[in-house]
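**Q** Structure for the following, please:
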Amino acid sequence: FVLSISRPGASGLDEVPALRPSEKLDADLSKPVALEATYQGWFPARGKARYFTFAAKKGDVRIIELRSARLGYDADPFFLVEKLDGDKATFIAEANDRPALAAKDEFDGGWADPTYRFEAKEDGTYRVKLRNLFPTRVPFELSVQPPGVAFELVTLPSEVAPAKKTAAAITAAPLWRGGVATFKVVALRERGFTGPITLSAEGLPPGVTALGGLISEGRDVGYISFSADDKAEPWGGAVRIIGKSGDVAKVARGATVVRATADVTKAAVYTRFTKEVGLDVVASEAPLLVEPAAPIYEVATTGKIDVPLKLTRRAGFADPVKLTALGSLTPPPTIDIAAKGVVGSVSLDVAKLKLTPGDYPVLFQTTAKFKHQPDDPKAKPKDVVATVHSKPFIVRVTAAPKPEPKPVAKPAAATPAPKPEVKK
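**A** I've put the predicted structure just below:
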C-alpha cells in the first residue's frame, strides 16, 4: 500500500509518488544536462543553479514547464532561457510564478511553478538555468516539449461571493427537486494547450441529468450544471466530472478547505484536493427555477440578441431577484426581476462584448431566501438561503457576412464640345 501524508497547505495536485528522480542526491548538479523532453531531478541546496540544454531550429516552438510546488513540495521555482554561443550565454527570457486561477480559499494549484512558450529565432543550442528560490532541496520535473493537448481539471461548487469575504467555509452544491446545481471547473492547461474542453458527468442517480458544460477556447474556467426532476429521490454520493478535448479525457478532482476559517486576514487557509466530487439531492422543492427559452442562440459578431427567461417560483418565494451571468461574457450581464415576476430578458450586444466566432456558455446565478420545512413534520420551517442557478444556454457566435462590393459606376460618355457658331 501507499501511505501519503501531505503537508497542510501544500498543493499536491499531482501524485507525489509519480516523481522519483533517478539521479542520486550526491550527483554532480553543476554539470549541464542535455534535455530531450522531460527530466526529473533535485534542486541544489541554498538556491544554487542547475543547467539544462536543448537544440532547436529556427521557428521551433517549445513549451518549457517546471513543476515542484504543484507536486506538494516546499519550493518556489524560477528559470532563465538563454542562447548559447560557445561559452557565451545570451539572455532571452525569465519565468516565475503563474497567474493564480483560484482564490486562496478555493485551492492552491501550485501557482509558484513557472511556464514559458519559447520560439527559436535561429538554429542553435539553448539553455535553461533553473533554481529554487527557497533554500530547500526538493525534487522537480522539467519538460521542454512541442505544444500539445494536456490539462488537469479541478472542480468546486459555484457559490455567490459576498461583497466582502472574510471567512472561508466548506462549501457544497445541494440539488433541490426541480432545481439546478452548478459546479465551477478550472482547467490547469499544460503544453500551451488553449483549445475548448467539453464537460460531462457519470455516476448520476435516477432523476438527475447532467446539462453539460464547456470551457471555451482560450478560457480557464467553465461550469457544468445538473438538474433534478420533481420526483427525484434523496441521494448523496460521488459523481465523476469529465473533461474531454479531442482524444484526451481527464477526470476532475474536487477541492475544499481543510477547515472553516472565521477571518482569512488573521488565520491561514488550508485547502486540499479530493479524488471524488460529492453531489446531494435534497427531497424538497427548489424555491426558484430559471430557464432560457432555447438552449442555443446564434448571432453574428456584429449582431445583438435578446434571450427570454422564464422563472418558476415555489415554496412561497416571491422576492425580487437579481441574476448575474456566469461564463465567458465580460463584463457579466445582470438582470433585475421584480417581486413575484415570472419572466425576464437579457440583451447581448456581441460587438460590445468583443466576442470572436465560437461557442460561449452562459448561465445565471442568484440567491433565494425562503422557508424550508425539515423532514420532521413537527419541526417549524427554517429560513434558508439557497444558491440558485439557471439552466445554461450557448451563445454561438458566427463570422459576420462580408458586405457585398458596391457596383462600380461607369464613367459617363464625354459630351462633344459644341461647334462654334460661324457668322455669315
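**Q** residues in contact with the closest residue to Ala49 other than its chain neighbours?
**A** Leaving aside its sequence neighbours, Ala49 sits nearest to Arg131 (CB to CB, 6 or more residues apart in numbering; 4.7 Å). For the C-beta atoms, the positions are set from N, CA and C on the backbone; glycine is no exception. When contacts are counted by CB atoms under 8 Å, 6 or more residues apart in numbering, Arg131 touches Phe43, Pro44, Gly47, Lys48, Ala49, Arg50, Pro77, Phe78, Phe79.
**Q** Next: Val208.
**A** Residues near Val208 by CB under 8 Å, 6+ apart: Leu175, Phe226, Ser227, Ala228, Asp229, Ala232, Trp235, Leu279, Val281.
**Q** What separation is there between the residue nearest to Ala150 when sequence neighbours are not counted and Leu204?
**A** When the adjacent residues along the chain are set aside, Ala150 lies closest to Glu190, with 3.9 Å between them (CB to CB, 6+ apart). In this view, Glu190 and Leu204 are 29 Å apart by CB to CB, to the nearest Å.
**Q** Then Ile242?
**A** Using CB to CB, which is the criterion applied here, Ile242 is 12 Å from Leu204.
**Q** ok so, going back, kindly present the contacts of Val208 as a markdown table, with separate columns for secondary structure.
**A** What follows is the contacts of Val208, written out as a markdown table (DSSP: H, G, I helix; E, B strand; the rest coil):
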| residue | secondary structure |
| --- | --- |
| Leu175 | strand |
| Phe226 | strand |
| Ser227 | strand |
| Ala228 | strand |
| Asp229 | coil |
| Ala232 | coil |
| Trp235 | strand |
| Leu279 | strand |
| Val281 | strand |
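**Q** Tell me which residues of stretch 79-88 come out buried.
**A** The neighbour-count check on stretch 79-88 (16 or more other CB atoms under 10 Å) flags Phe79, Leu80, Val81, Glu82, Lys83, Leu84 as buried.
**Q** Look at the residue nearest to Ala49 and report its pLDDT.
**A** Arg131 carries a pLDDT score of 94 in this model.
**Q** Describe which strands the strand or helix carrying it pairs with in its sheet and in which direction.
**A** Under DSSP states H and E, the secondary-structure element containing Arg131 is strand 124-132. The strands that strand 124-132 pairs with in its sheet are strand 50-56 (antiparallel), strand 77-85 (antiparallel) (by DSSP bridges).
**Q** Number of residues surrounding the residue nearest to Phe140 when sequence neighbours are not counted?
**A** Taking CB to CB, 6+ apart, and ignoring the residues beside it in sequence, Phe140 has Ser68 as its nearest neighbour in space, at 4.2 Å. By the other CB atoms under 10 Å criterion, the neighbourhood of Ser68 contains 27 residues.
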